[in-house]
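Novice: give me a model of this one.
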Amino acid sequence: MSGAGKSTALNTLEDLGWEVVDNLPLPLLDRLLDAPIAAGAPDGERPLAIGVDSRTRGFDPVAIVRRIRQLADNGGPTVETLFLDCAGTELERRYAETRRRHPLAQDRPAADGIARERELMAPIREWADHLVDSTAFNSNALQGEIRGRFGGTHGPVTTVSVMSFGFSRGVPRNADLMFDMRFLRNPHWVPALKPRSGLDSDVAAYVAEDALYGPALTQIEDLLLLLLPRYESEGKAYVTIALGCTGGRHRSVHCAERIARRLRKAGFSLTVHHRDLGSKPQDALEGMPVGQQGLK
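Specialist: Below is the predicted model:
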C-alpha cells in the first residue's frame, strides 16, 4: 500500500547487503533477472529486492502473481513476496502530515485512493509470503521488523572500523566511539623508540609494561563486545572506533591493533586505519613528558 513504508523497507534491505530496484517497469523483469550479478558480490550471489506498487509501469497484480508462480515452477530463483499493509486511517494521517497526494487520488480525497488501491492490491496481499502491518510502526520499528525477517542470513549489518589518531593533529570527525590512550606512558620520549611506531614489537612491549595497560584495554574490549551487537541490532550501518594518543604514532597504533585482534577473534569483520602513522615525530606536538623524566 502506498504510504505503508516501502521506501523504508527497501532502504533497510539495501543496508543489509541486498541489491535493490524500485518501481522497475514490469516488462523489464526478465532482462533484470538475466543480467549478470554485479562485480564484488560475495560468492557470486546477492539477494535482490524489487519494489512494486500501484505506480509501477505495467502494474497488473494478477500478472505479477502469475509471474511469481512461473519462476517457482520453472526452478528459477527463490522468490518471496513481502506485502506492506497499513490501516486506512493511519494512511490518511500520513498523507495529511506530508501533504502529498495519493497516487490513485490526485484530484480526490486520499481515502478514495486508499480504498481503490486496497481493492487493486488484494490478489498480491492474499498471495504474499510475508505480511507486515505498519499501522503501529514508526520508521525505526519497521526497520527492525525488516531486519528481523530478512537480516539473519546475509552477513553482518554493521561495518566496523578501528582507527588510531593523534590528538595534536585533530580529532576525527567521523568517530562514533573515542578512547584516549594518553594515560599510558609515552614511547616518544625514549630515544630508541621515538622513530619507531606502535606496529613494532619493542614499542608494543614498552606500552604493555604500563601497569594500567592490561586492565584498561580489557575493559575497553569488553565494552565494545557489549555495544557492537546492540549497534547491529539497531541497524547502524557503520561504527568507527577511534583510539587517540598525542602524536598518533605509538600508543594509539598499538592499542588499535590489539583491540582489532580481539574483535576479529569474536567474529567481527573490520578494517584498521592508522591516520597519523606516516607523520614525523615532533617534540613540540608531544609536549613535556609527564612522570617520564630520565626514562631511557
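Novice: rest of the way, CA atoms for contacts and neighbours
Specialist: Fine.
Novice: hang on, T271 in a helix?
Specialist: No: assigned with DSSP: H, G, I helix; E, B strand; the rest coil, T271 falls outside any helix and is strand.
Novice: report pLDDT for it.
Specialist: Looking at T271, its pLDDT is 85.
Novice: partner residues bridging it?
Specialist: Beta-bridge partners recorded for T271 (DSSP bridges): S161.
Novice: would you confirm that it contacts V160?
Specialist: Yes: between T271 and V160 there is a contact under C-alpha atoms under 8 Å: 6.7 Å.
Novice: for these two, indicate the residue with more neighbours.
Specialist: V160 (20 against 13; other C-alpha atoms under 10 Å).
Novice: I'd like the distance between the more buried one and G267.
Specialist: 11 Å (C-alpha to C-alpha, to the nearest Å).
Novice: same check on L227?
Specialist: The gap separating L227 from G267 is 14 Å, by C-alpha to C-alpha.
Novice: and what of P191?
Specialist: 38 Å.
Novice: and whatever helix or strand A260 lives in, what does it pack onto?
Specialist: For A260, the host element (DSSP states H and E) is helix 251-265. For helix 251-265, the helices and strands in contact under the criterion 3 or more C-alpha pairs under 8 Å, 6 or more residues apart in numbering; DSSP states H and E are strand 159-166, helix 201-208, helix 213-233, strand 238-245, strand 270-274.
Novice: ok, 7 Å please
Specialist: With contacts taken as 3 or more C-alpha pairs under 7 Å, 6 or more residues apart in numbering; DSSP states H and E, helix 251-265 sits against strand 159-166, strand 238-245.
Novice: what's the closest of these to V79?
Specialist: Across those, V79 has its closest neighbour in strand 159-166 (27.5 Å, C-alpha to C-alpha).
Novice: give me the contacts around that closest one.
Specialist: Applying C-alpha atoms under 7 Å, 6 or more residues apart in numbering, the contact partners of strand 159-166 are 237-248, 252-253, 256, 260, 269-276.
Novice: and these, which of them are buried?
Specialist: 238-248, 252-253, 256, 260, 270, 272, 274-276 (16 or more other C-alpha atoms under 10 Å).
Novice: show me where pLDDT drops low in the stretch 151-296 of the chain?
Specialist: Flagging of the stretch 151-296 of the chain using pLDDT under 70 yields the residue ranges 152-157, 284-296.
Novice: apart from its neighbours in sequence, what residue is nearest the residue nearest the centre of the chain?
Specialist: By C-alpha atoms, centre = their mean, the mean C-alpha position of the chain lies nearest to A237, the distance being 1.4 Å. Distances taken as C-alpha to C-alpha, 6 or more residues apart in numbering put T158 closest to A237, at 4.6 Å, once the chain neighbours are dropped.
Novice: what sits against the one you found?
Specialist: T158 neighbours (C-alpha under 7 Å, 6+ apart): E232, K236, A237, Y238, V239.
Novice: the strands in the stretch 1-150 of the chain, which residues?
Specialist: With DSSP state E, counting those that start in this stretch, the ranges of strands along the stretch 1-150 of the chain come out as 19-22, 48-51, 82-85, 130-133.
Novice: show me what the second one is packed up against.
Specialist: Translated: strand 48-51. If contacts are counted by 3+ C-alpha pairs under 7 Å, 6+ apart, strand 48-51 sits against strand 19-22.
Novice: can I get the strand it packs on in PDB, CA atoms only?
Specialist: What follows is strand 19-22 as a C-alpha-only set of coordinates in PDB (Å, rounded to 0.1, in the frame of the first residue of the first chain):
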ATOM      1  CA  GLU A  19      20.600  -5.300  -4.400                       C
ATOM      2  CA  VAL A  20      17.500  -3.000  -4.600                       C
ATOM      3  CA  VAL A  21      15.500  -1.900  -7.600                       C
ATOM      4  CA  ASP A  22      12.400   0.200  -7.100                       C
END
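Novice: what comes up buried for that strand?
Specialist: Buried, per 16+ other C-alpha under 10 Å, within strand 19-22: E19, V20.
Novice: over to stretch 99-113?
Specialist: H102, P103, L104, A105, A110, A111, G113.
Novice: what do you get for stretch 82-93?
Specialist: Within stretch 82-93, the residues that count as buried by 16+ other C-alpha under 10 Å are L82, F83, L84, D85, C86, G88, L91, E92.
Novice: what about the residue nearest to the centre of the chain, distance to D15?
Specialist: 7 Å.
Novice: equivalent analysis for E234, please.
Specialist: Separation of E234 from D15 (C-alpha to C-alpha) stands at 12 Å.
Novice: fine, thanks again, bye for now.
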